[in-house]
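Trainee: Provided below are the primary sequence and the corresponding predicted coordinates.
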Amino acid sequence: MPLVNTREMFKKAYEGNYAIGAFNVNNMEIVQGITKACKELNAPVILQVSAGARKYANHTYLTKLVEAAVIETPVPIALHLDHGDSFELCKSCIDGGFTSVMIDGSSLDYEDNISLAKKVVEYAHPRNVTVEAELGKLAGIEDDVNVSAEEASYTNPAQVEDFVSRTGVDSLAIAIGTSHGAYKFKPGQKPQLKFDILKEVERRLPNFPIVLHGASSVIPEFVDMINANGGQMPDAIGIPEDMLREAAKMAVCKINIDSDLRLAMTGTIRKYLAENPSHFDPRQYLAPAREAIYNMVCHKINKVLGCKDKA
Ligand code: G3H
Ligand code: 13P
Ligand code: ZN
């Protein structure tokens, strides 16, 4: 099955009260770990590439890795640009074989966010590429942009109909309390999501797919594994998985997960090297790291996304 855009995936996810996992990919082991899980559990998936990933691994390497995954994995797979910050970057990914792009104008003022998203939609749609935009501003670190909790702002539901109808975007990322990275809440803080905003957005945009960024749960097992093997991560708190599961039953059709994969991979490699200090063949530590990615994605499909057997 060739790469698909997100249209059909999201339609089914909306109707079926589940969400599609959007996992960030940076190298072969990550692509393999994610797609092995999706193949086994018969789950559709979005493989997403950030500008940083594209800089690190190069566009051609990443698209060819994903092409290989498509050959090996008989489930719907979309190749998505994560946090595109300009028309030119979106165009380059569309021209280079991506089936979905995010234009992230969340740092712009409202009207500029609209005109940029509209311009991307006008280029993407005739080429059968779907477009995600963002309204509201998440806290956290993504690429080189660090948004502090004070600068972050929840999505204003009163703007969503106007934004979607004037831009023509296919899905909308909203800010309801998730944030990027491993440090989403301060120690002692109780994780919370603004379900009232999600409900109001859902009411105003019937049958329209909503996206949650910054949706890693920062599973303590892996933070502990990192710290038990020479790491020095401060207390890290993520989004509780039951809240994400709740959101996936509502209008949320795409849940973005990167940090949980990073933690699983790094924890596993640190543990392996601590236990096997004389080993130096990268395959020896990358194989269990790839397995950790696979296990994490199986876990997310079963416990958070609900997309098992939805391929
Ligand atoms: O939201 C951002 C993703 O976690 C990607 O991170 O820009 O460091 O590749 P990155
Ligand atoms: P996390 O940092 O919570 O994994 O979020 C990833 C993300 O939103 C990618 O766009
Ligand atoms: Zn994001």
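Mentor: Structure received. Numbers count the residues shown, from 1 in each chain. Ligands and ions are numbered 1, 2, ... in the order given.
Trainee: Pull up the distance across stretch 165-181, start to finish.
Mentor: By Cα to Cα, to the nearest Å, the extent of stretch 165-181 from end to end equals 31 Å.
Trainee: Could you check how far that stretch is from the centre of its chain?
Mentor: Distance of stretch 165-181 from the chain centroid (Cα atoms, centre = their mean, to the nearest Å) equals 12 Å.
Trainee: Read off the pLDDT value for the residue lying farthest from the centre of the chain.
Mentor: Here the centre of the chain is the reference, and by Cα atoms, centre = their mean the most remote residue is residue 278, at 35.9 Å. Listed pLDDT for residue 278 reads 98.
Trainee: quick one, phi/psi of it?
Mentor: Backbone torsions of residue 278, given as degrees, to the nearest 10, read phi -90, psi -10.
Trainee: Which helix runs longest in the protein?
Mentor: Ordering each helix of the chain by length in residues (DSSP state H) puts helix 282-300 first.
Trainee: Which residue ranges of this structure form helices?
Mentor: 7-16, 28-41, 51-57, 59-72, 87-95, 110-124, 160-167, 195-204, 220-228, 241-249, 259-275, 282-300.
Trainee: Would you mind getting the angle between the fourth one and helix 87-95?
Mentor: If you take axes from the mean of the first three to the mean of the last three Cα atoms, to 10 degrees, helix 59-72 sits at 40 degrees to helix 87-95.
Trainee: related to what we said a few turns ago, export the helices of the chain to CSV and tack on mean pLDDT and mean neighbour count?
Mentor: The way it works is simple: take the backbone N, C-alpha and C, and place the C-beta from them, glycine included. As requested, the helices of the chain are exported to CSV (pLDDT from 0 to 100; neighbours: other Cβ atoms under 10 Å):
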stretch, mean pLDDT, mean neighbour count
helix 7-16, 98, 18
helix 28-41, 98, 22
helix 51-57, 98, 17
helix 59-72, 98, 17
helix 87-95, 98, 18
helix 110-124, 98, 18
helix 160-167, 98, 17
helix 195-204, 98, 17
helix 220-228, 98, 17
helix 241-249, 98, 18
helix 259-275, 98, 21
helix 282-300, 98, 19
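Trainee: Dump the ones you listed into CSV; add distance to ligand 2 as well.
Mentor: Below are the helices of the chain laid out as CSV (distance: least, Cβ to the nearest ligand atom, whole Å):
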stretch, distance to ligand 2
helix 7-16, 16
helix 28-41, 13
helix 51-57, 10
helix 59-72, 15
helix 87-95, 14
helix 110-124, 17
helix 160-167, 19
helix 195-204, 16
helix 220-228, 12
helix 241-249, 10
helix 259-275, 4
helix 282-300, 11
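Trainee: Let me know which of those helices is the nearest to residue 212.
Mentor: Closest of the helices of the chain to residue 212 is helix 241-249, at 6.1 Å (criterion: Cβ to Cβ).
Trainee: and the closest one, what other elements does it pack with?
Mentor: Under the contact criterion of 3 or more Cβ pairs under 8 Å, 6 or more residues apart in numbering; DSSP states H and E, helix 241-249 touches helix 195-204, strand 252-257.
Trainee: Next, the residues that contact it from outside, please.
Mentor: 17-19, 191, 193, 195, 198, 212, 215, 217, 252, 255, 303-306 (Cβ atoms under 8 Å, 6 or more residues apart in numbering).
Trainee: What remains of these if I keep only buried residues?
Mentor: Buried members of the contacts of helix 241-249, counted by 16 or more other Cβ atoms under 10 Å: 18, 19, 193, 198, 212, 215, 217, 252, 255, 304, 305, 306.
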